[in-house]
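>>> I would like to see how this sequence folds:
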Amino acid sequence: MVRYHIDTIPVWDALHAGGECPMCLLRRKTEHMLADRYLGASVMEPDTRLRVNDKGFCPAHHRMLYDRQNRLGHALMMLSHLKEVRARLKARTPETGSGAKPQGGLFSFKRKAADASSPDTPVGNLSVGCVLCDSLEDNMGRYAYSLLHLWKTDAAFREAFTASKGVCIPDADRLWAMAQEHLSGQPLATFQEALLKLLSDNLARLEDELAWFTLKFDYRNNDKPWGDSRDALERTITKLRGWSVGTDPGRE
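Residues are numbered from 1 along each chain as shown. Next up is the predicted model:
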């Protein structure tokens, strides 16, 4: 119950922010929080070190970590991860014997019968996965559940959500699927109806705003007001694919 209340407060705050997608806002804020945490004191915690050693970070989250200018903290994590990767590569390297050459090329080796999940090459799976992505997914799963629980139990939230701009298409898809698992009967039906109506209405709104944005580049419209279209391109991209360009909602 305590965990639930902790998660509902950010959901309410994100909805009140009034953006194109409260889930995108939550995701980006959570990403920044996790990046700061990994570069902070947790870099020396054994559990964190083990998880970083195991998976490392994806390119996008390496950029986030690097941009924080904590090169020592970043380097300490990568040094441990690098040692783990070297150990894995060594364990996968074919035993060729003195002067012998591996058959079938540099990266050919035989799978062990007991290890059906072994990659097809010694370098397979050495640079996949991301500990920050995993943590982010766990957090977003809880936020999505909290949103659905608020819809089911809180009339004020239902009213606020229905009056909002809804969510982006990827988060609408996720919430639709999760709703089928966690809601039923009337709450499920009303949520799905509201979700689709919000998406349809706000896509139409963005089409009008984006169309006016393009028309503002016609010299004949120089003196006409921008209205809400000045950042229509960025907001349209957010609605279609989730936040990726424009003002970072996690840093506002």
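>>> could you use CA atoms for every contact and neighbour count after this?
Fine.
>>> dihedrals phi and psi, residue 230?
phi -60, psi -40 (degrees, to the nearest 10).
>>> let me fix that: residue 227
Dihedral angles (degrees, to the nearest 10) for residue 227: phi 70, psi -130.
>>> next one: residue 18
According to degrees, to the nearest 10, residue 18 has phi 80, psi 20.
>>> which ones are touching it?
164-165 (Cα atoms under 8 Å, 6 or more residues apart in numbering).
>>> any idea how far it is from residue 229?
Distance of residue 18 to residue 229, given as Cα to Cα, to the nearest Å: 16 Å.
>>> same deal with residue 53?
For residue 53, the distance to residue 229 - Cα to Cα - is 46 Å.
>>> equivalent analysis for residue 82, please.
47 Å.
>>> neighbour-wise, which of the two wins?
residue 229 (20 against 16; other Cα atoms under 10 Å).
>>> correct me if wrong: that one contacts residue 210.
Yes - assessed by Cα atoms under 8 Å, residue 229 is found in contact with residue 210 at 6.2 Å.
>>> of all the residues in the helix or strand where residue 132 lies, which ones are buried?
Using DSSP states H and E, residue 132 falls within helix 131-153. Residues of helix 131-153 classed as buried: 131-133, 136, 139-140, 143-152 (neighbour count, 16 or more other Cα atoms under 10 Å).
>>> relative to residue 88, which of the residues you listed is nearest.
residue 131 (17.7 Å; Cα to Cα).
>>> tell me where the longest helix sits in this protein.
helix 185-215 (DSSP state H).
>>> what mean pLDDT does the next helix or strand after it have?
Using DSSP H and E, the helix or strand that follows helix 185-215 towards the C-terminus is helix 232-241. Mean per-residue pLDDT for helix 232-241: 98.
>>> roughly how far apart are residue 127 and residue 165?
Following Cα to Cα, the distance that separates residue 127 from residue 165 is 38 Å.
>>> try residue 37
31 Å.
>>> which one's more surrounded, those two?
Set residue 37 next to residue 165 and count neighbours by other Cα under 10 Å: residue 165 wins out with 22 against 12.
>>> and residue 36, what element?
helix 22-39.
>>> where does pLDDT dip in the stretch 101-250 of the chain?
Applying pLDDT under 70 to the stretch 101-250 of the chain flags the ranges 101-120.
>>> neighbours around residue 78, how many?
17.
>>> likewise residue 130?
Here the number of neighbours of residue 130 (other Cα under 10 Å) works out to 20.
>>> identify the residue nearest it in space, chain neighbours excluded?
Distance criterion Cα to Cα, 6 or more residues apart in numbering; nearest residue to residue 130, sequence neighbours excluded, is residue 57 at 4.2 Å.
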